[in-house]
Each structure stands twice: as C-alpha cells, then as structure tokens.
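Q: Below are the sequence and a predicted model for it; my questions follow.
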Amino acid sequence: MDVSHIFEELNDAQREAVGAAPGPMMILAGAGSGKTRVLTSRIAWLVQAYQVSPLSILAVTFTNKAAREMRSRAESMLGVPLGAMMIGTFHSLCHRILRAHAEDAGLPKTFEIIDSDDQYRLIRRMLKELDLDEAYWPPKQIQWSINAHKEEGRRPGDIKKSADQQQQTLISIYERYEATCQRSGLVDFAELLLRTLELLQNNELIRNQFQSRYQHILVDEFQDTNSIQYQWVKILAEPSKNLFAVGDDDQSIYGWRGARVENILDFEKDYPTAKLIRLEQNYRSTSTILNAANAVIAHNSGRMGKELWTDGEDGDLITLYGASNDLEEARYIVEQIESWLQSGQPRDSVAILYRSNAQSRVLEERLSNAGIPYRVYGGLRFFERAEIKDALGYMRIISNVHSDAAFERIINQPTRGIGTKTLDTVRDHARAHAQSLWDAALAVIEQEALPARATTALQRFVDLISSLTDEIAKLELHEQTETILERSGLLEHFRNAKGEKAESRVENLEELVNAARSFEMDEDDELDPLSSFIAHAALEAGEGQADEWEECVQLMSLHSAKGLEFPLVFLSGMEEGLFPHQRSIDEPGRLEEERRLAYVGMTRAMQRLVMTYAEIRRLHGREHYTQPSRFIVEVPPKYVDEQRSYRVHNSNTASYYSPSTVNNSSSDFNLGGRVSHDSFGEGTVMSVEGQGEQARVQVNFDEAGIKWLVAAFANLESV
Ligand code: ATP
Ligand code: MG
C-alpha cells in the first residue's frame with residue numbers, strides 16, 4: 001500500500017517516529033516541533049500501512065476541539081471517515097466508558113456529571129449540615145483537597161487515620177460527600193477518571209474487553225497527565241504495549257492540578273524497550289522568538305534537556321511595551337491589532353494571552369470600543385453561564401429527579417415562594433432518611449410537616465416537574481428545551497427583568513434551543529437525547545477551551561493556549577506578582593512552573609510576539625505599583641525592541657514584587673474615572689504619571705480626544 005504521501009510533509013526524525021514498528025514509544029520534544037502532527041500522521045499510518053481498524057485506536061488529546069481537529073486531519077490524509085475511532089479528552093473518554101458500563105461501575109444509569117461549581121455548592125451544603133464554620137473550613141479548600149485525594153486515587157478509606165482532629169474532620173467531610181454523590185448519582189470530574197480506573201482494575205471481564213479492543217493508544221501532551229490518567233493508559237496498553245506518547249517536560253503547566261511530569265521518567269522505566277525519539281526542528285516560530293523562549297526556559301533547573309532550532313527567518317524583534325497602567329496597556333494592544341488587521345491579516349491570527357482571567361475585562365472593553373470582534377476562552381463559557389445552568393437544572397431534574405444538585409439550583413429559580421425554612425426542612429428530612437431531596441420533598445408534603453402555604457408551594461414545584469416530564473416525553477430535543485424554558489417560567493423571568501444583562505440572558509436561553517437543535521449524539525450513545533445533551537453540556541463547560549473558532553481576535557489564559565499557535569501573540573501583564581504569580585514567587589518548584597508557562601506563551605507566536613506590562617495595575621479593586629516580570633529580564637536584550645524611554649534591561653529591575661498600593665481615596669485621580677475640564681468637557685482618566693506637582697494625567701475626552709495634562713494646572717474635577 002502506498003503510504004508515501006503521509007511522509008511527504010515530515011522531516012527524517014518525524015518520519016522515523018511515524019513509521020516505527022508498533023511498540024512503546026515516547027517522543028520528547030520542544031514546542032512547535034511537530035509532536036501533534038506526528039501523532040496525527042501516526043494514526044493515519046497505522047490505519048493505512050498496518051490495516052489497523054479505526055475501532056481499535058484510542059487517542060487522547062487535551063481538548064475536545066483538538067480531538068475533532070485530529071480526527072479530521074487524519075481523515076483527510078486517508079480519504080476515509082474515521083467516525084468510529086475513539087479520540088477525545090481523558091474526561092470524555094472516561095465518560096463514554098462509564099455510560100456504557102454504569103452498573104458495573106456502581107452508578108445509576110442516569111448518573112449525572114457535576115461541574116466544579118455544583119461541587120462547591122454541594123460541599124457548602126455539607127458543611128452546613130455538619131455544623132462546620134466556613135471561616136475555619138473554607139469550602140474551596142475542602143473541594144481542592146477532595147479532588148487532590150481523588151486525583152491520587154485515594155478514597156476516604158485509603159487515607160491514614162490520624163490523631164489529628166482536623167484531618168479526621170476532613171476525611172469525614174470527604175466520606176459524606178461521596179455518600180451524597182453516590183445517593184444522587186452525581187459524578188464530579190475527578191470521579192470520572194477514578195471511577196473508570198477502578199472499573200478497569202476490579203472488573204476483569206471489562207478490562208479484557210477494553211484491552212483487546214484498543215490495540216493502539218496515543219497520548220498527546222503527555223507531560224500533563226496525572227497519576228490516575230497514566231495508570232488508566234497503562235492498564236489499557238498492558239497486553240499490546242502499543243503506547244505512543246508525545247510530550248515536552250518544558251511545557252508541563254498543570255502541576256498545581258496534580259499533573260506529574262515524572263510520568264515521562266516512569267514511562268521509560270515501565271517500558272524499558274520503548275523507543276525514544278527527539279524532534280529538534282521547530283517549524284512554528286521565527287528564530288528570534290524561538291531563541292528568546294529558549295533563553296527563558298534555560299533558567300529552569302532539572303530539565304530533561306532538549307535542543308530546539310529553526311531554519312526559519314530571524315523575523316521581527318520581540319516588542320516590549322511598558323505601559324503606565326492597565327488601561328493604557330489595553331489601548332496599546334488594541335492599536336497594534338488595528339494596524340495588523342489593516343495590513344490584511346485575519347482577526348483569528350491574533351491572540352492576547354494573560355495569566356489571570358480577570359485581566360480580560362479591560363482588554364474586552366477596549367476591543368469592543370474599537371469594534372473588533374473578539375472571543376474570550378476560559379472564563380464563563382456558554383454552558384457555564386448562570387441562566388444556562390438554570391435551564392440545564394430543569395433538564396437534569398427531569399432526567400434524574402434524584403439529582404440534589406439540580407434540585408438545589410432550581411427549586412426557587414425563578415422564585416416560587418419556597419423559603420429557606422421549607423428548604424431546610426426538606427434537607428433535614430433527606431439527611432435523616434438518607435434520601436434524595438426530591439424524595440424528601442414528597443415525604444414532607446405527604447406528612448404535612450409544613451405550614452399549608454409552604455406545602456402548597458412545594459407541591460406546585462413537584463407538579464410542575466412531573467407534568468413537564470410527561471409533556472416533553474414525545475418531543476424532539478429542541479422542542480423539549482423550548483417547552484422547559486417556557487413552562488419553568490425561566491424565560492418569562494428574564495424577559496421581565498430589566499437591563500442589558502437580562503436581555504443577553506434571554507438571548508442565551510434562546511441560543512440553548514439552537515444548541516439543542518444542532519446537537520448530534522455519539523453513534524454508540526445509549527442515552528436518551530436529553531440526558532446525552534446534559535452530559536455534553538457538562539463536559540463542554542468543564543473544558544479548558546471553548547469550541548467555535550470564529551473569525552475573531554482570541555483572548556485566553558496562558559493555560560488554555562497550550563498546543564495552539566497564532567501569527568501574532570500578545571503576552572500581557574508581564575509583571576512580578578501577576579506573572580510569575582505572587583503565590584509562586586517564594587517556591588522554587590512553582591516558580592519553575594510559571595517559567596514553563598512563559599515558555600508555552602512565547603512559543604505560541606509564529607511571526608510576531610509582543611510582551612507588555614503596566615506600571616500600575618488595578619486588580620481586585622486596588623491599584624498596584626508593579627515591577628516588570630523577571631521573565632522579561634531573562635530575554636536577552638538583542639532580541640527585544642523596547643518601546644519605552646526607560647530601559648528594563650539596564651535598569652535594576654529587582655526580582656521582587658513590592659506590592660505598594662495606591663489608596664484610591666487619597667490619590668487624586670482614579671484610573672478609568674470620569675473627570676471634567678473647563679474647555680475640553682468630560683472624559684475618562686487613562687493614566688497618571690508622576691506625583692504631586694509633577695503629576696501628569698492622560699484623559700480621553702469624549703469630544704476633544706486624548707490629551708496629556710499637568711494635573712496641577714488642569715483644574716480637573718471628578719464627575
Ligand atoms: P506544541 O508543543 O506547541 O504542542 P507541537 O510539537 O505539537 O507543538 P505542532 O503543532 O505539531 O507542534 O507543529 C507546529 C507547527 O509546525 C504546525 O503548524 C505544523 O503544521 C508545522 N510543522 C510540523 N512539522 C512540519 C514539517 N515537517 N514541515 C512543515 N511544517 C511542519
Ligand atoms: Mg502539540
């Protein structure tokens with residue numbers, strides 16, 4: 001069979017990797033060296049040269065979008081559809097396995113995925129039940145600790161009993177959390193993975209079945225697998241040993257979430273015969289960008305050591321821009337984007353990356369003022385928006401009345417006169433009888449344990465859900481959605497609410513009907529469409545990246561930029577305390593993870609890289625004086641074009657962040673505040689430089705445009 005075309009666009013090392021005989025293989029290589037391309041070509045090659053059935057291939061990628069892309073690229077290499085091939089994220093693959101074997105995994109068939117928001121609410125409720133004060137038991141921290149245990153494969157019973165009271169309490173919260181989830185058929189993200197692993201470990205029949213089905217397993221971004229994920233992969237690959245892993249230790253950025261870069265080392269131990277291939281040529285970036293990124297990552301110790309070179313052009317110098325404040329930073333970035341677009345480049349060739357999602361707001365404002373379409377990844381994506389989750393709440397309880405998470409979400413949304421007292425009675429009853437909230441509500445009504453008005457209100461809710469369930473039984477998914485929105489009163493509730501926000505909520509709800517209309521189920525999905533749609537929504541919302549890739553400027557956190565590439569990349573907010581993050585500065589291990597994140601960010605850029613920082617940044621409602629990030633200083637000056645009079649590289653940029661804050665009330669001008677001037681009229685304060693008599697203020701006047709004024713003479717008044 002002719003496989004030559006698969007090899008045409010590969011270099012020698014890549015060919016060696018793609019064409020190697022089946023068996024364990026690790027590709028360890030730097031950013032942009034073609035790892036993902038090699039993995040995709042390998043799939044095509046296995047199918048074509050070895051006549052491997054697409055059914056027996058399992059490929060794990062980092063996002064659902066990456067999975068779709070991989071499938072379609074492999075399809076176009078082969079010219080045949082690969083619909084039956086399992087490609088997806090760890091979470092989506094585990095979800096499919098659990099759906100197919102729910103009972104064996106000890107789950108009800110209608111089990112429901114809860115996202116981290118639901119998980120948080122559940123934990124808060126538990127704390128209340130246990131009479132624990134949130135001030136001493138911060139729910140976020142408990143959530144984190146439960147997830148961390150699960151990610152290491154520890155059930156409450158596996159945690160050593162200790163004399164430490166605190167530890168004991170934590171274990172009992174974890175226990176209670178598990179019991180509640182089990183009772184209501186709820187599965188959180190960490191549970192998806194752990195449950196599947198346990199299923200494979202404990203059930204020989206199912207293990208054999210999957211082991212013989214998946215003859216070839218391929219894993220992208222292997223450096224960010226956690227311990228459960230690696231064990232899962234290892235079990236599946238046990239008989240065949242055909243495990244093809246690609247990764248880059250320098251891009252391991254999820255250590256804080258349990259990822260183990262050590263899995264790369266373990267791989268070599270676990271598969272002593274594994275072939276190790278290194279790719280050293282970068283095809284993505286100009287040599288300036290690549291050299292700069294290499295120089296930054298060279299500051300890390302304990303690297304596995306890789307070479308990376310390119311024969312591409314030098315390209316432009318990296319632009320470094322020091323803004324006086326975050327508004328001005330946004331102004332600069334948007335201006336640069338405007339001239340890039342004017343030169344005929346498409347909008348989706350641009351990405352603005354940031355360390356913290358909170359940075360996006362100012363950038364968004366500026367972009368929308370300039371009329372540039374943009375899209376924010378991370379943050380609140382469609383399926384995470386409150387109104388959408390409300391609507392999904394109704395769908396969930398219709399699909400599974402015992403879903404406590406859904407019950408809590410919608411019992412009083414929109415308000416229907418069910419007060420806290422009533423709810424507490426229901427909760428108490430549920431706890432005392434180990435029942436779901438739904439069953440408890442029925443019992444409470446039955447026993448007339450409540451005042452008549454409360455009973456009536458509760459009864460009306462129960463009737464609503466029951467009759468809705470009947471009503472929609474025979475409808476198409478999108479009609480079901482429409483009916484639920486109308487009958488639940490949600491749509492009306494938001495229609496009657498005032499303001500732009502409410503309007504956009506109505507639009508979003510309408511969009512949900514569209515989403516339902518175009519929803520396609522997986523071929524082997526055994527669920528009814530409604531349940532399948534709910535699961536889809538939960539997985540989409542939990543993902544690090546969004547879906548559609550419209551022709552828009554892309555805004556996203558550095559973490560979600562992994563694996564992607566863009567001709568023009570902005571790294572914004574390059575400041576000590578923000579990036580590297582304050583939390584990481586004092587811990588060498590975490591600081592190195594931040595540096596890897598900087599490396600990931602820089603290596604996303606193909607042609608142009610712009611790094612910006614602001615001398616004053618407003619974060620969490622306060623203004624901070626900042627220092628440029630050490631990662632800027634680590635870029636050799638010869639690669640940098642600095643767009644500011646004062647030079648970072650020559651000045652003594654201390655590697656410490658001194659969080660001096662400006663007290664708003666005592667400073668004369670609030671950034672973003674409104675002022676008025678005798679002859680220029682009203683405007684917005686863009687930036688302030690200097691202090692006291694020297695202070696200069698930049699104001700964007702509504703009529704007169706942007707002006708610099710000396711504060712002492714300008715007679716500006718706040719409005
Ligand atoms: P990352 O570490 O960021 O995930 P990667 O190693 O997966 O990067 P790819 O995304 O596969 O790298 O490839 C980077 C870019 O280089 C892509 O645009 C890809 O199409 C291109 N590329 C890879 N190999 C070659 C090649 N042999 N010839 C031309 N272009 C290539
Ligand atoms: Mg890749």
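A: Thanks, I have it. Ligands and ions are numbered 1, 2, ... in the order given.

Q: Pull up the gap between the closest residue to residue 642 other than its chain neighbours and residue 640, please.
A: Spatial nearest neighbour of residue 642, excluding adjacent residues (Cβ to Cβ, 6 or more residues apart in numbering): residue 320 at 4.8 Å. Every residue, glycine included, has its C-beta placed from N, CA and C. As judged by Cβ to Cβ, to the nearest Å, residue 320 and residue 640 stand 5 Å apart.

Q: contacting residues around the residue in the stretch 251-400 of the chain positioned nearest to ligand 2?
A: Relative to ligand 2, the nearest point of the stretch 251-400 of the chain is residue 251 (8.7 Å; Cβ to the ion). By Cβ atoms under 8 Å, 6 or more residues apart in numbering, the contact list for residue 251 reads 31, 221, 223, 224, 562, 596, 599, 600.

Q: pLDDT value on the residue of the stretch 501-650 of the chain found nearest ligand 2, please?
A: Using Cβ to the ion, the closest approach of the stretch 501-650 of the chain to ligand 2 is made by residue 563 at 4.4 Å. Each residue has a pLDDT score; the one for residue 563 is 92.

Q: Contacts only, for it.
A: 36, 62, 63, 66, 220, 221 are the contacts of residue 563 under Cβ under 8 Å, 6+ apart.

Q: Please compute how far the helix or strand harbouring the first one lies from its chain's middle.
A: Spelled out, it's residue 36. Here residue 36 sits within helix 35-49, counting by DSSP states H and E. Put simply, helix 35-49 sits 27 Å off its chain's centre (Cα atoms, centre = their mean, to the nearest Å).

Q: Which parts of that helix count as buried, going by neighbours?
A: Of all the residues in helix 35-49, those buried under the rule 16 or more other Cβ atoms under 10 Å are 35-48.

Q: Keep only those of these that are also close to ligand 1.
A: Contacts with ligand 1 are made by 35, 36, 37 out of the buried residues of helix 35-49, judged by Cβ under 6 Å from any ligand atom.

Q: Let's have the residues you listed in TSV, adding distance to residue 258 and pLDDT.
A: Listed next are these as TSV, based on distance: Cβ to Cβ, whole Å; pLDDT from 0 to 100:
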residue	distance to residue 258	pLDDT
35	22	96
36	23	95
37	28	95
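
Q: Kindly indicate whether the residue lying closest to residue 412 once chain neighbours are set aside is helix, strand or coil.
A: Nearest residue to residue 412, sequence neighbours excluded (Cβ to Cβ, 6+ apart): residue 418, at 5.1 Å. Counting by DSSP: H, G, I helix; E, B strand; the rest coil, the backbone at residue 418 sits in coil.

Q: who are the neighbours in contact with residue 418?
A: Here residue 418 is in contact with 411, 412, 454, 457, 458, 461 (criterion: Cβ under 8 Å, 6+ apart).

Q: Export these to TSV and append columns for secondary structure, distance to ligand 1 and pLDDT.
A: Converted to TSV, those look like this (DSSP: H, G, I helix; E, B strand; the rest coil; distance: Cβ to the nearest ligand atom, whole Å; pLDDT from 0 to 100):
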residue	secondary structure	distance to ligand 1	pLDDT
411	coil	45	93
412	coil	46	90
454	helix	57	93
457	helix	54	94
458	helix	53	95
461	helix	49	96
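
Q: How much space separates the residue of the stretch 501-650 of the chain closest to ligand 2 from ligand 1?
A: Separation of residue 563 from ligand 1 (Cβ to the nearest ligand atom, to the nearest Å): 4 Å.

Q: tell me the phi and psi of that residue?
A: Torsion angles at residue 563 (phi, psi; degrees, to the nearest 10) stand at phi 80, psi -10.

Q: just residue 243 next, same as before
A: Dihedral pair for residue 243: phi -110, psi 120, per degrees, to the nearest 10.

Q: The residue lying closest to it once chain neighbours are set aside: how many residues sit nearby?
A: Computed as Cβ to Cβ, 6+ apart, the closest residue to residue 243 that is not its neighbour in sequence is residue 237, at 4.2 Å. Using other Cβ atoms under 10 Å, residue 237 has 23 neighbouring residues.

Q: Residue 237 touches residue 217, doesn't it?
A: Yes: with contact defined as Cβ atoms under 8 Å, residue 237 counts as touching residue 217 (5.0 Å).

Q: Name the residues contacting each of these two.
A: residue 243.

Q: I'd say residue 464 and residue 487 touch.
A: Yes: counting by Cβ under 8 Å, residue 464 touches residue 487, with 7.1 Å between them.

Q: Point out where the stretch 301-450 of the chain drops to low pLDDT.
A: Residue ranges of the stretch 301-450 of the chain with pLDDT under 70: 378-382.

Q: re the thing from before, pull out the buried residues from the contacts of residue 251.
A: Here, 16+ other Cβ under 10 Å leaves 31, 221, 223, 224, 562, 596, 599, 600 buried among these.
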